[in-house]
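# any chance you could fold what I've pasted below:
(2 chains)
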Protein chains: 2
Amino acid sequence: MKKFEIEDYISQLSMDSVIFGYEQKELKVLISKFKFGQDSWVLPGGYIKKTESIDQAAARVLKERTNLENIYLEQFRVFGDENRIVGSPFNEVMKKELPLFDAERFDEEVTAWITSRFVCIGFYALVDINKVHPQKGEFDEFLEWRSFKDIPQMVYDHNEILHFALEALRQHLDEKLIGFNLLPETFTMREVQELYEAIYDKAFTPSNFQKKMLDLNVLERLEKKFTGAQNKAPYLYRFKKN
Amino acid sequence: MKKFEIEDYISQLSMDSVIFGYEQKELKVLISKFKFGQDSWVLPGGYIKKTESIDQAAARVLKERTNLENIYLEQFRVFGDENRIVGSPFNEVMKKELPLFDAERFDEEVTAWITSRFVCIGFYALVDINKVHPQKGEFDEFLEWRSFKDIPQMVYDHNEILHFALEALRQHLDEKLIGFNLLPETFTMREVQELYEAIYDKAFTPSNFQKKMLDLNVLERLEKKFTGAQNKAPYLYRFKKN
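All right, here's what the predicted structure looks like:
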């Protein structure tokens, strides 16, 4: 692999992504265990090329990690403390490990660039977890879907970024019908309710929840397939295309 | 004045501020008419020093333009299209005018830096308009409070930044009681309602509005001063300190 071309990227500006998925009634996040240091959990992130918009950069990084295109993606906050990287113990690990990992690609100049101060734009993504095939980056030992209730201690300010991402998701869910991006194409009303309960971490009353959802007039109820037996299967819905 | 020290600042990252004020039942914004070009209206903005957080940078720029400290300030969106600056006609004006304005300070290197691509973090500020003493920057011909309903065509994507700032203000106003930052220390209930009407651009029913405000339990009603005459003056309120 050739040298990391720092001159292709904007300096001191990065993006990190909080990739939300939903599985077994739990809101999950795709996080990375880095090869460097111990217990070094990191959000998938990257840099912004001088020739691409910040949205294009975020979509590119997401494609690299999930192999998915056209992901629902939203910027939610900038993290800009001057010592969020430079003052952190993990940055010292990176300074030491990068040249050991590949001295040719991560020479003194590139290592200094990577371990300098960065202002970070936080994006969150909503994906159908069944469609994602996580792809390791070169620094990743492995990637893992973790329940939002079981997030480990992460490097830098990444726990704080996760906190703000969930706040943004909750707030945006109230305004726009973006939650369906986390579901497969068809779903039962109970599954929608369970999704909302996982995100807000509280229970809703089924009758009220169903009424509220149906009143929004965005769900299409599918015909039940005739099974011959007494048909107690719940109705399936899908999001109306327009 | 000495040369603009570009090495003190993060490259390609800027902040612009939408400074909201309220006067004569109108929501207003402090904008700048630049010395360069014709009809070149600009949002007050600046760069981020390598030694300060993005919040500190925003507070510093606000202090420079309003002479106020401890302003209510909130980041609301990043503007990161790759051609938002470089592709704009006004950037060509800047390239030509900066060296003519002061060839020593704005030499080739500094002019190239200023007219390169910038990712911009948008902040909005809420101020008591009576307390602001607008301070011109060196590029400002003058600063002006303009009604949000009478914003001129601005340079770059600054009209879009204004649009998103108002959206953010409306949304945040619903969640948090930040609107009082736009009012003097004491105010009548009618004044609060007029403020909300100016921001949302719609009318509210006085009785409902008053009830909603009082139910929030954050306003303190002041004793009326005994005037001798029949006292028909409305009650004054102030925001409760806690």
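# from here on, just use CA atoms for contacts and neighbour counts.
Fine.
# quickly run through the sheet partners of the longest strand seen in chain A, with directions.
For chain A, the strand reaching the highest residue count under DSSP state E is reported as strand A:9-23. For strand A:9-23, sheet partners with direction are given as strand A:26-34 (antiparallel), strand A:45-49 (antiparallel), strand A:119-126 (parallel), following DSSP bridges.
# could you give the average pLDDT over it?
Averaged across strand A:9-23, pLDDT comes to 97.
# residue A:3 in helix, strand or coil?
Classification of residue A:3 using DSSP: H, G, I helix; E, B strand; the rest coil returns coil.
# now it. Nearest residue, chain neighbours left out?
Nearest non-adjacent residue to residue A:3, counting by Cα to Cα, 6 or more residues apart in numbering or on different chains: residue A:105, 4.2 Å away.
# now do residue A:30
Spatial nearest neighbour of residue A:30, excluding adjacent residues (Cα to Cα, 6+ apart): residue A:145 at 4.4 Å.
# and for residue A:106?
residue A:99 (5.3 Å).
# which residues does the one you found contact?
A:105, A:106, A:107, A:108, A:111 (Cα atoms under 8 Å, 6 or more residues apart in numbering or on different chains).
# and the residues you listed, which of them are buried?
Among these, the ones that count as buried by 16 or more other Cα atoms under 10 Å in any protein chain shown are A:105, A:106, A:107, A:111.
# any chance of these in CSV, plus secondary structure and pLDDT?
Shown next, in CSV, are the buried ones among the contacts of residue A:99 (DSSP: H, G, I helix; E, B strand; the rest coil; pLDDT from 0 to 100):
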residue, secondary structure, pLDDT
A:105, coil, 92
A:106, coil, 94
A:107, coil, 94
A:111, helix, 96
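# which one of those residues is nearest to chain B?
Distance to chain B across those (Cα to the nearest Cα) is lowest for residue A:111, with 18.0 Å.
# need the contact partners of stretch A:32-46.
Here stretch A:32-46 has contacts from A:14-18, A:30-31, A:57-58, A:61, A:65, A:90, A:93-94, A:97, A:139-144, A:152-155, A:158, using Cα under 8 Å, 6+ apart.
# and for stretch A:155-165?
Taking Cα under 8 Å, 6+ apart as the rule, stretch A:155-165 contacts A:18, A:40-43, A:76-77, A:79, A:84-85, A:88, A:90, A:122-124, A:153.
# of all those, which comes closest to residue A:183?
Residue A:183 lies nearest to residue A:124 out of the contacts of stretch A:155-165, by Cα to Cα, at 16.0 Å.
# beta partners for the closest one?
residue A:18, residue A:74.
# might you report the residue contacts of it?
Per Cα under 8 Å, 6+ apart, neighbours of residue A:124: A:17, A:18, A:19, A:20, A:73, A:74, A:75, A:76, A:165.
# now do residue A:181
A:72, A:126, A:127, A:128.
# avg pLDDT for the lengthiest helix in chain A?
In chain A, with assignment by DSSP state H, the single longest helix is helix A:158-175. Helix A:158-175 carries an average pLDDT of 93.
# one more: stretch A:54-66?
Per-residue scores along stretch A:54-66 average to 96.
# same check on stretch A:79-91?
Stretch A:79-91 comes out at a mean pLDDT of 95.
# neighbours of residue A:217, just the number please.
10 (other Cα atoms under 10 Å in any protein chain shown).
# state the distance from the residue nearest to residue A:30 to chain B.
The spacing between residue A:145 and chain B, counted by Cα to the nearest Cα, to the nearest Å, is 28 Å.
# then residue A:110?
Taking Cα to the nearest Cα, one finds residue A:110 at 17 Å from chain B.
# please, which helix or strand holds that residue?
Assigned by DSSP states H and E, residue A:110 belongs to helix A:108-114.
# I'd assumed residue A:205 was in contact with residue A:197.
No - using Cα atoms under 8 Å, residue A:197 makes no contact with residue A:205, being 10.3 Å away.
# between those two, which one's more packed in?
The neighbour count for residue A:197 versus residue A:205, taken as other Cα under 10 Å, is higher for residue A:197 (16 against 8).
# that one in helix, strand or coil?
helix.
# show me what contacts it?
Residue A:197 makes contact with A:203, A:204, according to Cα under 8 Å, 6+ apart.
# pLDDT value on it, please?
pLDDT, residue A:197: 95.
# which SS state does the closest residue to residue A:189 other than its chain neighbours fall under?
Distances taken as Cα to Cα, 6+ apart place residue A:210 nearest to residue A:189, at 6.8 Å, with adjacent residues excluded. Classification of residue A:210 using three-state DSSP returns helix.
# I'd assumed residue A:192 was in contact with residue A:210.
No - with contact defined as Cα under 8 Å, residue A:210 does not reach residue A:192; the gap is 9.1 Å.
# how close does residue A:50 get to residue B:119?
10 Å (Cα to Cα, to the nearest Å).
# again with residue A:76
Relative to residue B:119, residue A:76 is positioned 15 Å away (Cα to Cα).
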